[in-house]
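**Student:** below are the sequence and a predicted model; questions follow.
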Amino acid sequence: AGLGAIAAAGLAEAQEDLQPNSLEDITSYNNFYEFGTGKSDPAANAHKLEIEPWSVKVDGLVDNPGDYSSADLLDGLTVEERIYRFRCVEAWAMVVPWNGIELADILNKVGIQSEAKYVAFETVVQPENMIGVQRRVLDFPYVEGLRIDEAMHPLTIMATGIYGEPIAKQNGAPMRLVVPWKYGFKSIKSIVRISLTDYEPPTSWNKANAREYGFYSNVNPNVDHPRWSQSSHRVIGGGLFASREPTLMFNGYEAEVASLYDGMDLSEFY
Amino acid sequence: MDIVGTINTAARKVPTWTIYIVGAGWLVYLFYLAAFTRAFGPEPINALEREYGEIGLQLLVVGLLITPLRETFGISLIKFRRAIGVMTFFFILAHFLVFAILDVQSLERVWTEVVKRPYLTVGMISFVALIPLAITSNNYSVRKMGAIAWRRLHWLTYPAAILGALHYVWLAKGFQIEPLVYLAVLIGLVAYRYRPKNRSKNRAMSRA
């Protein structure tokens, strides 16, 4: 609770000076390769995603495994507003006012066994509704993972809304991860499975290109992507003549999360 | 062969300057859309950059199609080729300028990026290869250089086209079909120039 309180206090301060993007920006500029690789493809195609009913399989090293309906999984947990910077690995960024539940609350609810060291997540696959799945842009289902301390960190949330509205399908309805100090692709969308493991789970972009996308993928202006610089980014919503902004260490959440990586060489564990 | 005749007759009636007017108007109109409307979405810098680059590749395909169209089907669009080539250069130039001025926003960083990132190096070589072609795309240069030297210089179109497509393939994340299609088509169009050929047979076919 101590750490949570400190992080929350820092967060409240940090939220003050962030100006969220418009809902239109947030819902019209997306990477969701199951619906196509263009930035406007998810907004055009995601309406086909079926989200009712929604079931999340919880398995692995948990006390209460099972298939949870989205309502059951989140029932009784507190939804908070979190205004976070969102930094894509492609060097663009926006600010999103999420509504979500701390992932730690969900994990505590299902009961973490002591051997659990990592959490793995999986995105839904509905081939008939997902044009990008038919085109095999990636090895679907999309999978992601976090170390257990990253997953339990108070900044990590399971988002269910944006601007107080249920989260749009192109943004990962009905629930998606948000890990604000990591590149956006870590914040896996439309989650249907949460598994606790004692090994580092495979992650989609790492499988596609391990040299370019590491397991950690923390936002880091000092470690370039092999094909482009990560030291600055384009700002979504600023128009054609917007200035680039410098990228911040851990996307501006260094005070809250740097200690998770004490003693790790971040250019090795990128 | 009715269609071919119709196309050739129509092509004879259209003056070549229409290519310049339409091409330049299109280029400026896209800039207008990106600068003053939401047509390119909430992040128009990268969107415009990609649009110009992709049109550049499309124009390379069109320019390289003209010879095979004539040799295979007898469709004669050769009088438009220079204008298409010049417009290709201007779209690639616009692509580069959006990248340098609006995206990277620092000439020093443009240089370090181009040197450091192979996909940018390849794209830059492709662009630079087009510069002498654009400069010599006039009757004066053809006369001054002589047809053989001019043609030898304009051979640079082939590496420029393939490197341009490679630049696009290299840039893509995940397995994307579109860049690979451009690469395959452009390699095919260049390979066409080097196919083993029986000249007399070809002439006979195009006369038929």
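**Tutor:** In hand now; what should we look at?
**Student:** measure the closest residue to B:V104 other than its chain neighbours to chain A for me?
**Tutor:** With sequence-adjacent residues excluded and distances taken as C-beta to C-beta, 6 or more residues apart in numbering or on different chains, B:V104 is closest to B:V110, at 5.1 Å. To be clear about C-beta, it is placed using only N, CA and C from the backbone, and glycine gets the same treatment. Remark: distance between B:V110 and chain A (C-beta to the nearest C-beta, to the nearest Å) = 11 Å.
**Student:** how many other residues sit next to B:V110?
**Tutor:** B:V110 has 18 neighbouring residues, counting by other C-beta atoms under 10 Å in any protein chain shown.
**Student:** next SSE after whichever strand or helix holds it?
**Tutor:** In this assignment (DSSP states H and E), B:V110 forms part of helix B:107-116. Per DSSP H and E, the first helix or strand lying C-terminal to helix B:107-116 is helix B:118-135.
**Student:** quick check: buried residues in that next one?
**Tutor:** Of the residues in helix B:118-135, those with enough neighbours to count as buried (16 or more other C-beta atoms under 10 Å in any protein chain shown) are B:119-127, B:129-130, B:133-134.
**Student:** contacting chain A as well, which ones from these?
**Tutor:** Of the entries in the buried residues of helix B:118-135, those that also sit close to chain A under the rule C-beta under 8 Å from any C-beta of the partner chain are B:Y119.
**Student:** looking at the buried residues of helix B:118-135, which is nearest chain A?
**Tutor:** Top of the list for closeness to chain A, among the buried residues of helix B:118-135 and by C-beta to the nearest C-beta, is B:Y119 at 6.0 Å.
**Student:** enumerate every residue touching the closest one.
**Tutor:** Contacts of B:Y119 were listed using C-beta atoms under 8 Å, 6 or more residues apart in numbering or on different chains, and they are A:R227, B:L166, B:H167, B:W170, B:L171.
**Student:** same thing with B:F127?
**Tutor:** Each residue near B:F127 by C-beta under 8 Å, 6+ apart is listed here: B:I92, B:L93, B:H95, B:F96, B:A160.
**Student:** export these to TSV and tack on pLDDT, distance to B:F31 and neighbour count?
**Tutor:** What follows is these, written out as TSV (pLDDT from 0 to 100; distance: C-beta to C-beta, whole Å; neighbours: other C-beta atoms under 10 Å in any protein chain shown):
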residue	pLDDT	distance to B:F31	neighbour count
B:I92	98	15	25
B:L93	98	13	17
B:H95	98	12	23
B:F96	98	14	20
B:A160	98	23	24
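**Student:** how much space between the spatially closest residue to A:R136 that is not a sequence neighbour and A:F121?
**Tutor:** For A:R136, the nearest residue in space outside its immediate sequence neighbours is B:F175; the separation is 6.2 Å by C-beta to C-beta, 6+ apart. Taking C-beta to C-beta, to the nearest Å as the measure, B:F175 and A:F121 are separated by 22 Å.
**Student:** which of those two has more neighbours?
**Tutor:** More neighbours surround A:F121 than the other of B:F175 and A:F121, with 27 against 14 (other C-beta under 10 Å).
**Student:** my guess is that one contacts A:S190. True?
**Tutor:** No: the pair A:F121 / A:S190 is not scored as a contact, 10.1 Å apart, by C-beta atoms under 8 Å.
**Student:** what's the burial count for residue 105?
**Tutor:** You didn't say which chain, so I picked chain A. The burial count assigned to A:D105 is 16, neighbours taken as other C-beta under 10 Å.
**Student:** if you could check chain B rather than the one you did, that'd help
**Tutor:** B:Q105 sits with 17 neighbouring residues when counted by other C-beta under 10 Å.
**Student:** dihedrals phi and psi, it?
**Tutor:** Geometry field for B:Q105 lists phi and psi as phi 60, psi 20, criterion degrees, to the nearest 10.
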